Every structure is written in structure tokens, then in C-alpha cells.
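Participant: build me a model:
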Amino acid sequence: MTTTPVKIPCQAVLFDMDGVLVDSTVIIERSWRKWAVHHSIDQEQLMELIHGRTAMDTIRMVAPHLDAYKEWQVLIRQELEDQEGPKSFAGVAALLRALPTGKWAIVTSAPRSIAVDRLERLGLLVPEILICADDITSGKPSPQGYQKAANALKVPHDKCVVIEDALPGIEAGLAAGMQVVAVASTHPVDELGAATWVIKEISQLGVESGGGMVLTF
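Facilitator: Numbering: from 1, shown residues only. This next block holds a predicted model:
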């Protein structure tokens, strides 16, 4: 982790949602633990796998005998019905407002119904480009979601900066040929070394948009 001021010129910023913009760990883990109890799946082993991946990918990993799509729908209903806990991280609302319109996107492993519901409930901007689990055929650590967002914004991949908290997401951003800023909200700093940069909190990020967009921390 750098201790000197950093400025990153870029043309677009691509955010993960949960763990980066929204502190939703409590509600996500509560839903998964409920599901694990129902299917007699080891909860602690499951907790090591859920962050950064699509639910269907996780289900296929831990319970290949189940209908992944059917179980995904169960998890979606549980999260939509349980609204106790999620909140936006400090500084997120102001950061999103400071970004130039059409120069940022969200790429999340959550389904669109949950992503839009969560952003709107917390009063956060919903970007024009919102890539969700429903929009891709291969979830993180595949780069597909980040590539799709960059293409939609019409920005070269190497001019994008990804903001991530989870290891599969960091891998996805790097595989897409993008710079990655990792936020130590889900994993400790010493586990995020693969990222281009690591910061402790999203509130450290700022944006300058004079003669071109520059991320700062």
C-alpha cells in the first residue's frame, strides 16, 4: 500500500458494488447461511467462496447436485425480503456525483433486481451502464463483465480503472487489461497484493476532471 499521493489518469471508472459502494456483507452472509442450513452445507467453507462470485457459480461449486438457477432464485427472494443492514460506505455518494456522466459503470455479481433495489434504497446514483449477473455468461474471475462495461462506455480497456474488494473481481479486472484499485473492506490488505494499488477505504478516493479524469488517493 502506497503512502504517497497517487494520481491515476483514466477515461472510465468501473466499480464493483457490494463491498465497494455498498456495505452489504451482513445481509449477504445472512442469506447464504440460511440457505446453507437448509441444504446442510458447511457455512464457514461457504463464506470463503461467496464474495466476488455470482451466486450461481458459488452454488455450482458447493452443491453441483442442485438446480443452480432454482437455488439462485431462492437467494434473490431472501435478499429482497431482508432489508436490515445494507448501507453505503462513507464518501460513496459524493464520489459518484463527482464523476463525469457517462464515464463510470458498475459491474456486479448481484442480479439486476437486487442491484437496482439496493442502489435506489440507499439513494445512490444508478449508472446508465450497470452490468449484472443477468447480463453475462461467465462471472468473475472472468473478465467478461468488465470488458462488456468498457465496450458499452466506448473506452479502451487499458484506459479503465476497476475498483474492487474481492479476489475474483481483482483477477477479473486485471484479466481485462485494466488497472485495479483494491479496497480492503472484505479482505485484509496483505491478501490484496495482486491489485495495482490497495487502499483501506473507498473514502480515500477522489476525482479531478479538469483536463481529463484523474482518480486520486
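
Participant: which residues touch the nearest residue to H51 once chain neighbours are set aside?
Facilitator: In space, and not counting its chain neighbours, H51 is closest to A166: 4.5 Å by CB to CB, 6 or more residues apart in numbering. Heads up, the C-betas are built off the backbone N, CA and C, glycines and all. Counting by CB atoms under 8 Å, 6 or more residues apart in numbering, A166 touches D16, G19, H51, G52, R53, K140, T186, H187.

Participant: can you rerun that using 10 Å?
Facilitator: 16, 18-20, 50-53, 109, 140-141, 172, 182-183, 185-187, 192 (CB atoms under 10 Å, 6 or more residues apart in numbering).

Participant: low-scoring stretches of this protein, by residue?
Facilitator: 1-3 (pLDDT under 70).

Participant: the residue positioned nearest the centre of it and A94: what is the separation?
Facilitator: Residue closest to the mean C-alpha point of the chain, counted by CA atoms, centre = their mean, is D16 at 2.2 Å. Going from D16 to A94 by CB to CB, to the nearest Å gives 18 Å.

Participant: what do you get for S138?
Facilitator: S138 is 33 Å from A94, by CB to CB.

Participant: again, but for L192
Facilitator: 24 Å.

Participant: higher neighbour count, those two?
Facilitator: L192 (23 against 11; other CB atoms under 10 Å).

Participant: next up, the contacts around the residue nearest to that one when sequence neighbours are not counted.
Facilitator: Nearest non-adjacent residue to L192, counting by CB to CB, 6+ apart: A182, 4.1 Å away. With contact taken as CB under 10 Å, 6+ apart, A182 is in contact with 1, 16, 20, 162-167, 169-170, 173, 189, 191-199.

Participant: mind checking which of those residues are in helices?
Facilitator: Those of the contacts of A182 mapping onto helices are L167, G169, I170, G173, per DSSP state H.

Participant: what is the burial count for the last one?
Facilitator: Spelled out, that is G173. 31.

Participant: with the one 10 residues further on instead?
Facilitator: Neighbours of V183 under the rule other CB under 10 Å: 28.
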